[in-house]
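Asker: here you go, sequence then predicted model.
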Amino acid sequence: MVRLFLSVDMAGSTQFKARFTDGGSWLDTFRTFFTNFPLMLAGQVGFAFLEEGETPSVEVWKVMGDEVIFVATPASAEELVNLLLALLRTMNAYEERYLEDLPLRLKGTAWLADFAGPNIELEIPELSGGESVRAIDFIGPDLDLGFRVTKFARPACLTLSLDVADLVLTADNAGQVALHLIGAEELKGVMFGRPYPILWMLEAGEDFNFMPWEVEQCPHMARATGMPPTPASDIERAIANIRLYLRKMHGVQRPRLELGPPTA
């Protein structure tokens, strides 16, 4: 089984909280985020699958500091694209409604983990409350990679792992999104030190909504500003090159992940 993990983090939260000596001055902002964002995401997911026979479940996996991480199990590449769009739309809507006059922004990351492979799901007995309430954790190299990829996350877009982008390109509704290959950068403990491609996703037809000072401070954002979507062939080539490097230099096979129930 392949699961999708969706991380949403508050950019600028540390400086924002440091403004106040009284925690109550910023507490409501974050209480609202952790309460309302999951509800808004559920609404966007429902809307995205309004004409489908079934709406996939998107649940909160864990909260870490100012970050909330959701988990879902898309059954197809088309479901994957719809879930990514729902998350991106929720981020944009939440910023417009709650963060318009605050120095805070949302940044998101999406990655996949294969639980028929090297990753495991385990129950935490101390946190569980019987069969009705089970505390589940997920551990493995795909989870580690996902948390590393969040380093590339920036406001106003979704950062995708290579596995996610690979499947997005195969989806019948891939035309609803635009992928931008921004560059590559080494991630600690990932790909044996080979630079990992930085992939950002927007809704098709949309531009990067960066603030002027964000562009000034980040070369990746500066490069993305005004950048057209990257041709699918260029992204496919980048993914193929990574697979070739892993196989040729390290004997590691990294085929495209398969969504849906396991095949016999």
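Answerer: Received the coordinates, thanks.
Asker: all helices for this protein, in order.
Answerer: 13-18, 24-48, 77-98, 141-149, 162-168, 212-217, 219-224, 232-250 (DSSP state H).
Asker: to A184, which of those helices lies closest?
Answerer: helix 232-250 (7.9 Å; C-beta to C-beta). (Each C-beta comes from the backbone N, C-alpha and C, glycine too.)
Asker: who does that closest one touch, helix- and strand-wise?
Answerer: If you count contacts as 3 or more C-beta pairs under 8 Å, 6 or more residues apart in numbering; DSSP states H and E, helix 232-250 packs onto helix 162-168, strand 177-185, strand 196-203.
Asker: related to what we said a few turns ago, nearest to G65, out of the helices of the chain?
Answerer: Nearest to G65, of the helices of the chain and by C-beta to C-beta, is helix 13-18 at 8.0 Å.
Asker: starting at the chain centroid, how far to the closest one?
Answerer: Helix 13-18 sits 23 Å away from the centroid of its parent chain (C-alpha atoms, centre = their mean, to the nearest Å).
Asker: ok, now stretch 45-52?
Answerer: 20 Å.
Asker: list the buried residues in it.
Answerer: Neighbour-count burial for stretch 45-52 flags 45, 48-49 (criterion: 16 or more other C-beta atoms under 10 Å).
Asker: put the alpha carbons of the helix or strand of the chain with the lowest mean pLDDT into PDB.
Answerer: The helix or strand of the chain with the poorest confidence is helix 13-18; it has a mean of 82 (mean pLDDT, DSSP states H and E). This file holds the C-alpha atoms of helix 13-18, laid out as PDB (Å, rounded to 0.1, in the frame of the first residue of the first chain):
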ATOM      1  CA  SER A  13       6.000  31.700  12.800                       C
ATOM      2  CA  THR A  14       9.100  31.900  14.900                       C
ATOM      3  CA  GLN A  15       9.600  35.600  14.400                       C
ATOM      4  CA  PHE A  16       5.900  36.200  14.800                       C
ATOM      5  CA  LYS A  17       5.800  34.600  18.200                       C
ATOM      6  CA  ALA A  18       9.000  36.400  19.300                       C
END
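Asker: bridged to the nearest residue to L160 once chain neighbours are set aside, which residues?
Answerer: Distances taken as C-beta to C-beta, 6 or more residues apart in numbering place L199 nearest to L160, at 4.6 Å, with adjacent residues excluded. For L199, the beta-bridge partners under DSSP bridges are L160, L181.
Asker: and the closest residue to E59 other than its chain neighbours, what does it touch?
Answerer: Nearest residue to E59 in three dimensions, chain neighbours excluded: V71, at 5.8 Å (C-beta to C-beta, 6+ apart). Each residue near V71 by C-beta atoms under 8 Å, 6 or more residues apart in numbering is listed here: 3-6, 58-59, 61, 138.
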